[in-house]
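> here are the coordinates; sequence isn't available:
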């Protein structure tokens, strides 16, 4: 550490550090008084930090006497078992936060056996002490009363600045409520004191200003007579009438293209309701509109409003929000043509219609009707994009139409909260909420009982079939050795496979207790179906996509069955995600007949380019049949007009919050019955249709939910909480206050968990104020810990491996374990191991696959040889590109126009071959440094740190829970001495038979000392440095002061970049010094190879 010595003229940091000692377990309490010695060395140290500042002359709270006139209020303060287990009770938090510095004494004050009152005394070695007593309050048990008084002590000590870093949001709900009550009382007290001060100041000023009152009043009166009054804007800033607009519209409706399209539009089921829709909107601010598939609501309702406004010469600006980019683009293009525009002029001055999606905006000064994604609409509300960069871009909008409300995405539900508040301010604003299902009444009640309309669709009958019908019709059969058979049954019969494929391999982090049952709920009988069909359906693993069955059905429909041939013109196959779409697309393209010119096959997914998506809507030439392979994007978001047959796997990918791992993950789940109805309805748009659901009728009737769960109830709320804080529209005072106004409010515990995570990574303050880092994290669609990791990795110039790690932890592991090949897969994975780190092992495996992908014919062989999932690795690369593009959008990663174009081409390219993106070189110079990547991980994931005790045990630093390394980790059963460090960083813990850490990696003590935590307690004379009272290092006195100084300057330099500023020359020197100290070897005074520019 000679660099640090030269900079600060002090001795180097000692290379020997020790983890903080584990707090002793709390002793059994005596009936009258118990003492918790929070520190063993406190008696040997000199006075506390605050001296005698907080001395209180009162005697310890050991009296059980209460005045006869005192009324005791009994308050229930339950402590759920899980909070006791995790150490998140107020009493445990107080003990941890005062570790090594004070002695706690609890006293029982109540003589009544039915209720309990407690007192608490905190004594510091300096002689200072504080006392709290429950004079007029009681609880139902001693445990509750002691936690009650501990909460009061925690709050008081926090308010006085005596302690910091208390995560009160992790306490049980009753104690969080108590904390908020104490916070409100403290605020009221502070406000009263401020009012008293200002009252005194006011009296002094009044005496001084009295002589000038008349002159000031006269001047003010004169100013008011000549100056405009500043009235709060409550209406759209558009003129009320424009003759030019009216004349231009009259010319438009007289044009032949408009007249031709108008005749077609008048045949739609919604057309007879046109006048009624306009009349209801004239008389009301809000309308809920429910229209069945095919009624024309998405294209016609916005046009009706636009035409009505322009025919009256009223300037208008109509925004239609869509959940998907393809919907916004296709609807804008269709509506533009229907209004008489020439093809391809959307978003130009020659069109009234435009659209805006991420990375692509086609809106001009002439745009009166814009289709935008929900995300774009929320961004407009977050930034000062209105006139003069004040207010929001919605200030000039006259009509807002929210489409596909029934999907209940987290963005659309949040938009409803905002619009409900916005309507109170903008009395001229019109809001229309459109839904494809009959949930209009619930939405209507949410908006105060506003009117709602329902319009029937235009559909033909659809012949509905289920899994058993599909198997019977196709003549498809499997036995126990099939890759589609239930895996557990193969395991029981001891089947040994000679070959394996990805379809029969299991991800290493897939648990056997999957929520979705592998077999269908009701066994088939042989009365209606053949014995082969019964055997196949009962044996089929319903978690797997039966590609062979889908191909057999397509062959049957297109080539073998004449009756079904009339349904073969255009087939829509619903698949869960892009990987499954690629798999089926490759299978069909290699088929001797489906791969011929007689068929056109279109994959449809949100990541496909706008041009590629548009081709799906084209009707192929006569004699050519069409097969569309799509995700749920084709369920309601877009309408493919010529579909006559639907094959539905019954699955979809959706984000869900994993309670065990404590993060949101993309999972494969069954659809709801309402989704199934929408999917089969797509086959009946132009004629009688045919539909196959590849799940049994028994599953449909007994196991599928009626409606999908709203995203707000199944996702982490971290991203939404950040959006609330950067919103320009003021809704509520706290995140919980805002989200409790939702159509279906999330649980308080889920909200508090999200807020606590944001406080933990410093995205928001304890008072829920947004920080510069929080503004950056709000632009990243990932877990906030991983988001912070990416930001730090960018500053440390190791972004490429960081993107791989973050993308993998957000999706699936690249490692798979085929049945019968477990030992080979485990040995191969260990061959990828790097630096005793699961994180770097993932990077190594990904980099090997990326190199192998240079040869498309070899890459699948490489994956099979190394037990890697080609599909999962493709998904990881797609997520890498998405995360990189968000970092570039936030202006945190510099990129040239060429680099931006390369990313866009890679993300939205067609074909099964993966297109890779190169990370800008200037943020990837240190990608090969294990120390730098490890330091970035520690900074981002803190406090997800494990302490390696000398005894060999592993414990969390937060609550000292014992942890075991999961068998899937490369560190499983690794001796603690081989790590060469005192701490490990982890990403998630899961409780099963033990509390397991899944992904782990070593972290150097220097990185922890310089990068992690909020409260750093430096005690030079005790040779001690403590971080958040969770980690303690033994260092020389001068080194302790050096660490403190370097840490402060290092954080200031990083904070400057988080604020969007460049580092000053002085800050850059400190940053370089800090980074060099992090990457130095444990006992090596020579600098490691690290580049800082």
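Structure's in. What do you need? Computed from a prediction, not measured in an experiment: that's the story for all the values here.
> From here on, just use CA atoms for contacts and neighbour counts.
Noted.
> Isn't residue 76 up against residue 139?
Yes: the pair residue 76 and residue 139 passes the contact test of CA atoms under 8 Å, sitting 5.8 Å apart.
> Between those two, tell me which one has more neighbours.
Legend: neighbour count by other CA atoms under 10 Å for residue 76 and residue 139, higher for residue 139 (24 against 14).
> State the mean pLDDT of the longest helix along the chain.
Determined from DSSP state H, the single longest helix within the chain is helix 173-209. In this model, helix 173-209 has a mean pLDDT of 78.
> Next, the buried residues of that helix.
Across helix 173-209, burial judged by 16 or more other CA atoms under 10 Å covers 173, 175, 176, 178, 179, 182.
> And for stretch 123-141?
Going by 16+ other CA under 10 Å, stretch 123-141 has these buried residues: 123-126, 128-135, 137-141.
> Please apply the same query to stretch 350-362.
351, 352, 353, 354, 355, 356, 357, 362.
> Quote the end-to-end distance of that stretch.
Stretch 350-362 has its terminal residues 12 Å apart, counting by CA to CA, to the nearest Å.
> low-scoring stretches of the stretch 301-450 of the chain, by residue?
Applying pLDDT under 70 to the stretch 301-450 of the chain flags residues 359, 383-393, 437-438.
> circling back to that earlier point, counting contacts, what elements does the longest helix of the chain pack onto?
Judged by 3 or more CA pairs under 8 Å, 6 or more residues apart in numbering; DSSP states H and E, helix 173-209 is in contact with helix 142-159.
> avg pLDDT for the helix it packs on?
In this model, helix 142-159 has a mean pLDDT of 90.
> orientation of the longest helix of the chain relative to helix 142-159 in degrees?
Put simply, helix 173-209 runs at 30 degrees to helix 142-159, going by axes from the mean of the first three to the mean of the last three CA atoms, to 10 degrees.
> Mind listing the residues bridging to residue 129?
residue 123 (DSSP bridges).
> Residue 427: how many residues sit nearby?
Residue 427: 12 neighbours (other CA under 10 Å).
> Correction: the previous question concerned residue 975.
Residue 975 has 9 neighbouring residues, counting by other CA under 10 Å.
> about what we covered before: ok now the longest helix of the chain, how far from the chain's centre?
37 Å (CA atoms, centre = their mean, to the nearest Å).
> Likewise for stretch 780-790?
Remark: stretch 780-790 is offset 9 Å from the chain centroid, using CA atoms, centre = their mean.
> swap in stretch 885-895?
That offset, for stretch 885-895, works out to 19 Å (CA atoms, centre = their mean).
> Retrieve the pLDDT associated with residue 897.
pLDDT at residue 897 comes out at 80.
> Can you give me the distance of it to residue 461?
Going from residue 897 to residue 461 by CA to CA gives 52 Å.
> Those two: which is more packed in?
The residue with more neighbours, out of residue 897 and residue 461, is residue 461; 13 against 8, by other CA under 10 Å.
> Over to that one: give its phi and psi.
phi -60, psi 150 (degrees, to the nearest 10).
> got a list of what it touches?
Neighbour list for residue 461: 684, 687, 688, 689 [criterion: CA atoms under 8 Å, 6 or more residues apart in numbering].
> So which of the residues you listed sit within strands?
residue 689 (DSSP state E).
> I'd like the contacts of residue 461 laid out as CSV, including distance to residue 336.
Below are the contacts of residue 461 laid out as CSV (distance: CA to CA, whole Å):
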residue, distance to residue 336
684, 26
687, 27
688, 30
689, 30
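> After whichever strand or helix holds residue 858, which helix or strand is next? Please name it.
Taking DSSP states H and E as the definition, residue 858 sits inside helix 856-866. Counting by DSSP H and E, the next helix or strand C-terminal to helix 856-866 is helix 870-889.
> And for that following helix, what's in contact with it?
By CA under 8 Å, 6+ apart, the surrounding residues in contact with helix 870-889 are 579, 779-781, 803-804, 806-808, 811-814, 846, 849, 860, 863, 893-895, 900, 903, 906-907, 914, 916-917, 919.
> now the residues you listed: which count as buried?
579, 779-780, 803-804, 806-808, 811-814, 846, 849, 860, 863, 893, 895, 900, 903, 906-907, 914, 916-917, 919.
> mind listing the helices for the stretch 651-800 of the chain?
Listed in chain order, the helices of the stretch 651-800 of the chain (DSSP state H, counting those that start in this stretch) span 673-681, 697-702, 718-726, 735-739, 748-760, 772-777, 784-795, 799-809.
> Could you dump the ones you listed into TSV and include distance to residue 1066 and mean pLDDT?
Listed next are the helices of the stretch 651-800 of the chain as TSV, based on distance: least, CA to CA, whole Å; pLDDT from 0 to 100:
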stretch	distance to residue 1066	mean pLDDT
helix 673-681	59	90
helix 697-702	66	91
helix 718-726	31	87
helix 735-739	38	91
helix 748-760	29	87
helix 772-777	21	89
helix 784-795	16	93
helix 799-809	24	94
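> closest one to residue 476 among those?
With CA to CA as the measure, helix 697-702 is the member of those nearest residue 476 (17.9 Å).
> can you pull the buried residues of the closest one?
Here helix 697-702 shows 697, 698, 699, 700 as buried, counting by 16+ other CA under 10 Å.
> I'd guessed the last one sits against residue 674; true?
Think residue 700. No: the pair residue 700 / residue 674 is not scored as a contact, 10.5 Å apart, by CA under 8 Å.
> what is in contact with these two at once?
With CA under 8 Å, 6+ apart, residue 700 and residue 674 have no common neighbours.
> so where do the helices sit in the stretch 401-550 of the chain?
Under DSSP H, counting those that start in this stretch, the stretch 401-550 of the chain gives helices at 410-425, 440-446, 467-474, 487-493, 531-539, 547-555.
> Export the ones you listed as CSV, with columns for distance to residue 657 and mean neighbour count.
Below are the helices of the stretch 401-550 of the chain laid out as CSV (distance: least, CA to CA, whole Å; neighbours: other CA atoms under 10 Å):
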stretch, distance to residue 657, mean neighbour count
helix 410-425, 13, 18
helix 440-446, 25, 17
helix 467-474, 30, 20
helix 487-493, 26, 14
helix 531-539, 31, 20
helix 547-555, 29, 18
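> Quick check: which of those helices is nearest to residue 733?
Residue 733 lies closest to helix 410-425 among the helices of the stretch 401-550 of the chain, at 13.4 Å (CA to CA).
> Name the surrounding residues that touch that closest one.
Residues contacting helix 410-425 (CA under 8 Å, 6+ apart): 234, 285, 323, 374-375, 378, 402, 405, 429, 431, 447, 710-712, 729, 731, 738, 741-743.
> Pull the contacting residues for the residue nearest to residue 1030 when sequence neighbours are not counted.
Using CA to CA, 6 or more residues apart in numbering and skipping residues adjacent in sequence, the residue nearest residue 1030 is residue 957, 5.6 Å away. Shown in contact with residue 957 (CA under 8 Å, 6+ apart): 943, 944, 945, 946, 947, 1030, 1031.
> again with residue 814
Residue 814 touches 507, 808, 842, 845, 846, 868, 869, 870, 872, 873, counting by CA under 8 Å, 6+ apart.
> Try it again at 7 Å.
868, 869, 872, 873 (CA atoms under 7 Å, 6 or more residues apart in numbering).
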